[in-house]
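Asks: Can you look at this prediction? I've put the sequence above it.
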Amino acid sequence: MANLWPSLVFALAICFIATNVAASDDKPYAYSSPPPPSRRHHLLHLVNHMITRLLHHPLITKQVEFLFSSCYRLVKQIIAARESFTLVASMHLIKMRALKTA
């Protein structure tokens with residue numbers, strides 16, 4: 001039992017030193033997180049989500065396809081009308097030149 005006291009005192013001294021070293025650390029750990037997202041960010045995310053959902057809705061998809069096909073047909077008709085107008089105008093110019101030379 002007499003040999004136990006020096007080991008016990010040594011162990012208590014180590015524990016005391018360790019707690020003093022740990023307690024003297026002046027800088028506590030500070031978790032610096034990024035700032036929370038702004039309200040504008042949330043609104044933009046919500047609008048983006050709503051537009052994505054709407055564009056993938058079957059009814060909206062059909063309407064968008066119809067709109068694009070209608071626009072395509074309209075542009076095609078405008079180009080055809082312009083070409084026919086150009087053709088008629090050029091034929092009219094040819095007739096006018098023929099009349100002037102005759």
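Replies: Here it is on my side, so go on.
Asks: ok, and the helix or strand in this protein with the lowest average confidence?
Replies: Least confident element among the helices and strands of the chain, by mean pLDDT, DSSP states H and E: helix 4-23 (a mean of 75).
Asks: List the contacts of the helix or strand following it.
Replies: Using DSSP states H and E, the helix or strand that follows helix 4-23 towards the C-terminus is helix 39-55. The contact list for helix 39-55 (C-beta atoms under 8 Å, 6 or more residues apart in numbering) reads 60-61, 64. To be clear about C-beta, it is placed using only N, CA and C from the backbone, and glycine gets the same treatment.
Asks: Go again with 7 Å.
Replies: Here helix 39-55 makes contact (C-beta atoms under 7 Å, 6 or more residues apart in numbering) with residue 60.
Asks: The longest helix along the chain to helix 39-55, inter-axis angle?
Replies: Longest helix in the chain, counting residues (DSSP state H): helix 58-101. If you take axes from the mean of the first three to the mean of the last three C-alpha atoms, to 10 degrees, helix 58-101 sits at 80 degrees to helix 39-55.
Asks: quick one: helix 58-101 to chain centroid distance?
Replies: Remark: helix 58-101 is offset 39 Å from the chain centroid, using C-alpha atoms, centre = their mean, to the nearest Å.
Asks: who are the neighbours of that helix, in terms of helices and strands?
Replies: The criterion is 3 or more C-beta pairs under 7 Å, 6 or more residues apart in numbering; DSSP states H and E, and there are no helices or strands that helix 58-101 contacts.
Asks: and it, average pLDDT?
Replies: Helix 58-101 comes out with an average pLDDT of 81.
Asks: Kindly report the same for stretch 44-53.
Replies: The average pLDDT within stretch 44-53 is 82.
Asks: could I have it exported to PDB, CA atoms only?
Replies: Provided in PDB are the C-alpha atoms of stretch 44-53 (Å, rounded to 0.1, in the frame of the first residue of the first chain):
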ATOM      1  CA  LEU A  44     -36.200  33.600 -57.000                       C
ATOM      2  CA  HIS A  45     -35.900  29.900 -56.100                       C
ATOM      3  CA  LEU A  46     -39.700  29.700 -55.700                       C
ATOM      4  CA  VAL A  47     -40.400  31.400 -59.000                       C
ATOM      5  CA  ASN A  48     -37.900  29.200 -60.800                       C
ATOM      6  CA  HIS A  49     -39.500  26.100 -59.300                       C
ATOM      7  CA  MET A  50     -43.000  27.300 -60.200                       C
ATOM      8  CA  ILE A  51     -42.000  28.000 -63.800                       C
ATOM      9  CA  THR A  52     -40.200  24.700 -64.100                       C
ATOM     10  CA  ARG A  53     -43.300  22.900 -62.800                       C
END
